[in-house]
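In: Next one to model:
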Amino acid sequence: MKVLSSFTLAAITAAVCHAESAANDTWPEIDLSQFKEQKFRQKLDHFNFLDTRLYEQRFWTSEQYWDGTGPIFIYICGEYRCSVPDTRLFPFMVGAEHNARFVVLEHRFYGDSQPFDDWSLENMAYLNSE
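Out: Numbering: from 1, shown residues only. Below you'll find the model as predicted:
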């Protein structure tokens, strides 16, 4: 099963859309009600195998167009409270053309994906780009 990052998705989206735009006058409708909100237990520290702490990370999935063999398109929300992006549906339209399963992932420390109860300096050490 293939997994595409949001950066890879953007590059592929541009190439595919340019190539197919003339042949495809209509894009699939994306039904936002098909996205199911869920949470999973995520490791707090992926670099320290002795640290077993977990927190709940929020995500949404939709299998509206997935045929069981298509790719998985992952949309990673930026540094804001995440929701299914109702104003940024183009990547999902492209994914629908390729029978993709969709995953929308909320960035930790934003929205409901809070690893700690407070934003103390000690806790904010885990808000980094590594």
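In: Rounded mean pLDDT for the strand or helix carrying residue 58, please.
Out: Element membership for residue 58 (DSSP states H and E) is strand 54-62. Across strand 54-62, pLDDT averages out at 95.
In: what's the very next helix or strand once past it packed up against?
Out: Following strand 54-62 in sequence order, the next helix or strand is strand 72-76 (DSSP H and E). Judged by 3 or more Cβ pairs under 8 Å, 6 or more residues apart in numbering; DSSP states H and E, the packing partners of strand 72-76 are strand 3-4, helix 6-20, helix 90-97, strand 101-105. For glycine as for every other residue, the C-beta is placed from the backbone atoms N, C-alpha and C.
In: Can you list the strands that the last one pairs with?
Out: If I follow you right, that is strand 101-105. Strand partners for strand 101-105, identified by DSSP bridges, are recorded as strand 54-62 (antiparallel), strand 72-76 (parallel).
In: could you redo those strands as a markdown table and give each row mean neighbour count and distance to residue 47?
Out: As requested, those are exported to a markdown table (neighbours: other Cβ atoms under 10 Å; distance: least, Cβ to Cβ, whole Å):
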| stretch | mean neighbour count | distance to residue 47 |
| --- | --- | --- |
| strand 54-62 | 19 | 15 |
| strand 72-76 | 20 | 19 |
